[in-house]
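> Next input, structure requested:
(chains A and B)
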Amino acid sequence: MQGYDPQEIEPKWQRFWEEEKFYRTPLDSSRPKYYVLEMFPYPSGKLHMGHMRVYSIGDVLARFLRMRGYNVIHPMGWDAFGLPAENAAIANRVSPAEWTEQNIAQMKRQQQRLGISYDWEREVNTSSPDYYRWTQWLFLLMYRRGLAYKKRAAVNWCPHCQTVLANEQVEGGRCWRCESEVEQQEREQWFLCITSYADRLLNDLALLEDWPERVKVMQQNWIGRSEGAEISFRVKELPGEEIRVFTTRADTLFGVTYMVLAPEHPLLPKLVRGTKQEKEILEFAARMKRASEIERTSEEAPKIGLFTGRHAINPLSGEAVPILVANYVIMTYGTGAVMGVPAHDERDYQFARSYNLPLRQVIQPPGTEPAGGALDGAYTGEGIMINSGEFNGLSSTEGRRRITEKLREMGCGDFKVAYRLRDWLISRQRYWGAPIPIVYCDRCGIVPVPEKDLPVLLPPAAEITGDRVPTLDQYPSFVNTSCPRCGGKARRETDTMDTFICSSWYFLRYTSPHLATAPFDREAAGYWMPVDQYIGGIEHAVLHLLYARFVTKVLYDAGLVKVQEPFSRLLAQGMVYKDGAKMSKSKGNVVSPDEIVERYGADTGRLFILFAAPPEKDLEWSDRGVEGCHRFLRRVWRLVEECRGLLSAAPHDGESGGKGGAAEAGLRRVMHGAIKKVTEDIGERFNFNTAISAVMELVNALYDYRQNTAPEKQDRSLLREALRSLLLLLAPFAPHLAEEGWHRLGFPDSVHRQPWPEYDPAALAVEEVEVVIQINGKVRGRMTVPAGSSQEELLKAARQQPRISELLEGKEIVRQVIVPDKLVNIVAR
RNA sequence: GCGAGCGUGGCGGAAUGGCAGACGCGCUAGAUUCAGGAUCUAGUGGGAAAAACUCCCGUGGAGGUUCAAAUCCUCUCGCUCGCACCA
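You can find the predicted model right below:
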């Protein structure tokens, strides 16, 4: 008998599948399609366990659904633009293009060793001109539709990465990639108008029934919609000037005792001009603007404010209140100015306390007396309005509406919705990205590059001299161009696009990856989209997943795609840990997929990763567990080898594959049970760990049967059927071993081109069942009875048991509960 | 602070109202061996028993609903993640 040698069989079948073009997926509208997609990787050159996990999950689904008759598209590609390539290029003195190319080759080899069933003819690379040409096209589409604009604004600058970042790419005031503190800088940059899709991005979350709740909640929080009112206050000392505030609590307008502006507020310089505070205020504002977001907005940071010397007039009460400027008000939300209501807002309360600003209670909590004396905190709940003139006595919810309506009549306020979401800043001051296809002409101004002139090619990287790859403004031949409109002298835009734009449409490119005339073929996209199952890390809950939804909606509005949402189902896979910590070089707890493939084979690695935890949960790596999975595969191998001779021999006399005895019925039951469980666990519940345990049980049952039945009595046709089912069930998890076993047992064609097995409900039926007997809910006995026994029969049999009758002696039976084929519960006193 | 999720043997995990601990790891004892990354058999939540097909306890904790709760409800503790001066 030959031993199980994955090093020999795995490359053999990988070559075979590739040569036979097994996983090519032609458009075939006669069959139901299924789009399985794993988030494409950044080509770092090193495949890690997280990658192996996400690909293994995707491959199980792809292989399973193929066997179930779906036309499955399962593509792979490279999110190839981006900063790490530049950093590596700097470190290794090679061009980012060269570095990226090498890494892709290396990573692809690593992926192929895992035996993942990708259609490699659909491979895309976002850094290739054939691809980024259409990323640029997408930008122009946005521009045409008024969704791309250039604006001077305070933006997040990462000093380490030497580029600006979108809000989504700043986490707690730090760069999402390098964790440097970001700074605020005034710059003129390109933005995409994602805010005009805010409501749709929010409302359509409801369509995503098969997305994890936490991802939807994160997007919802990120969009941060709040309904309220915008209210104008006139400035007492400067007639004609007004300050607008946004508030969700218009009902507290009579409780306003001061007003606060953000340091960046555009009115501020004018407001303080000529006052004795002018110099101090402007210095303060300048200092705040320079401060990082962390210093500015952390909760521990004290609220610092200064009086401007000016006053605002409350539009309803006519009262004049001081205007201050303070660090805790941010320009980018609402209007950059807030009304201070210390009695009913936590932050205002704190601020008022430290600056001795007055409090005025205008909302009375339900069920309380009007408070005398000082308040010891802000009451932020709802209640009855007091001290609010004509609005006294109204509920705060009612008052909110009435006050806003009144302000509207007076022309100094209206209902308003504010969002936390800001427009998507896409300019990057880096080399390795898709150039923004815009030209600046002295005569014509901003001119988009005509579509026929795309792609705007990235010039070959200049030699690296300092600590960065020279940016596009360093290439005169790139910068200097002619205006597409008037033909005059013009300069190109030298910023590149955020790589998240490249990745926000790649799933469409897979549907027609080689098309030269459009980003994607509408018919192909119409057939394949949406992605039925998307799998990736939770870190993209807001970033990539929000951007891709936005871009899809824009394409939908342009009539180019038929779906409003790109991803029907989302699986956020858990992380891979070892020794209780995330695998990382610094902790020295890294296990690489290559290592595992070399030592145990890809099948073992895949099986372990899927068996150790359900896909959405974090996974604890265990070397012992891997060995256990390897042991299991060897058990399968031995079974195949031991049965090979038996099955090829002529059947014994009289063996007809008939019913056989109890042992045969038992094996048959386990087999059909395993088919049922694996089918449901992969197809409905995504619980691969329990699916694998069912396959293990089938193997255990096969060993049992062979051990406990004399060889000449073993039912060969049943064994053959059981082994066949076993290999079919194993095919999605351990594709190489399943294929090898399939051929060794002489089955035709390939295990991966077989229909998925069906279970026979009749084979699952048992003749006898064990029923539990409970007294007062406690198990007091068991009995074996014919399946399907009636309630009366069950009760009678239970009461007849000596132990049961003994326990019931002298007791009054209050109630009897019978669950057929399961249990009898007798309630007695 | 707000939001989401999680808490079950020595470990990874099963069980979504009906026998808690499937499957795997580890461990214990035995068998076997052409010494292999072996294999096979039996056992393995805790305690009391030691004749048991016996009893008690047990799913972070406390209460509740129910004939019956890991599962549903209320409170509470702990951990993880996300957001966090968003007006």
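
> how about the helices in the stretch 701-829 of chain A?
A:716-730, A:735-744, A:761-764, A:791-800, A:802-808 (DSSP state H, counting those that start in this stretch).

> Can you say which of the ones you listed is nearest to RNA strand B?
Nearest to RNA strand B, of all those, is helix A:802-808, at 6.8 Å by CB to the nearest atom of the strand. For the C-beta atoms, the positions are set from N, CA and C on the backbone; glycine is no exception.

> I'd like the average pLDDT over the closest one.
If you average the pLDDT over helix A:802-808, you get 81.

> Next, the buried residues of that helix.
A:804, A:807-808 (16 or more other CB atoms under 10 Å).

> Now find how far off-centre it is within its chain.
Per CA atoms, centre = their mean, to the nearest Å, the displacement of helix A:802-808 from the mean C-alpha position of its chain is 58 Å.

> same thing with stretch A:158-166?
With CA atoms, centre = their mean as the basis, stretch A:158-166 stands 24 Å off its chain's centre.

> Distance across it, terminal residue to terminal residue?
From its first residue to its last, stretch A:158-166 covers 11 Å (CA to CA, to the nearest Å).

> so which of the helices of the stretch 701-829 of chain A gets nearest A:E770?
Closest to A:E770 of the helices of the stretch 701-829 of chain A is helix A:791-800 (CB to CB; 11.9 Å).

> and that closest one, what does it pack onto?
Applying 3 or more CB pairs under 8 Å, 6 or more residues apart in numbering; DSSP states H and E, one finds that helix A:791-800 makes contact with strand A:768-775, strand A:778-786, helix A:802-808, strand A:813-819, strand A:823-828.

> so what's A:I609 up against?
Contact analysis of A:I609 by CB atoms under 8 Å, 6 or more residues apart in numbering lists A:49, A:52-53, A:56, A:576, A:619.

> Run through the residues you listed and flag the ones next to RNA strand B.
Among the contacts of A:I609, the residues within reach of RNA strand B (CB under 7 Å from any atom of the strand) are A:L619.

> which stretches of the stretch 401-550 of chain A have low pLDDT?
Low-confidence segments of the stretch 401-550 of chain A, defined by pLDDT under 70, are absent.

> Kindly report the same for the stretch 651-800 of chain A.
A:651-659.

> Enumerate the residues of it near RNA strand B.
Residues of the stretch 651-800 of chain A found near RNA strand B (CB under 7 Å from any atom of the strand) are A:687, A:689-690, A:692-693, A:696-697, A:700, A:703-704, A:707, A:770, A:772, A:774, A:776-782.

> Same question for the stretch 101-250 of chain A.
Neighbours of RNA strand B within the stretch 101-250 of chain A, by CB under 7 Å from any atom of the strand: A:171-172, A:213-214, A:217-218, A:221-222, A:224, A:226, A:228, A:246-249.

> Domain ranges for chain A, per the record?
Chain A resolves into domains spanning A:6-25+A:32-126+A:504-594, A:136-193+A:423-499, A:226-418, A:622-764, A:768-828 when parsed by automatic domain parsing.

> Can you tell me which of the ones you listed is packed in deepest?
By mean neighbour count, with neighbours taken as mean count of other CB atoms under 10 Å, domain A:6-25+A:32-126+A:504-594 ranks first of these at a mean of 19.
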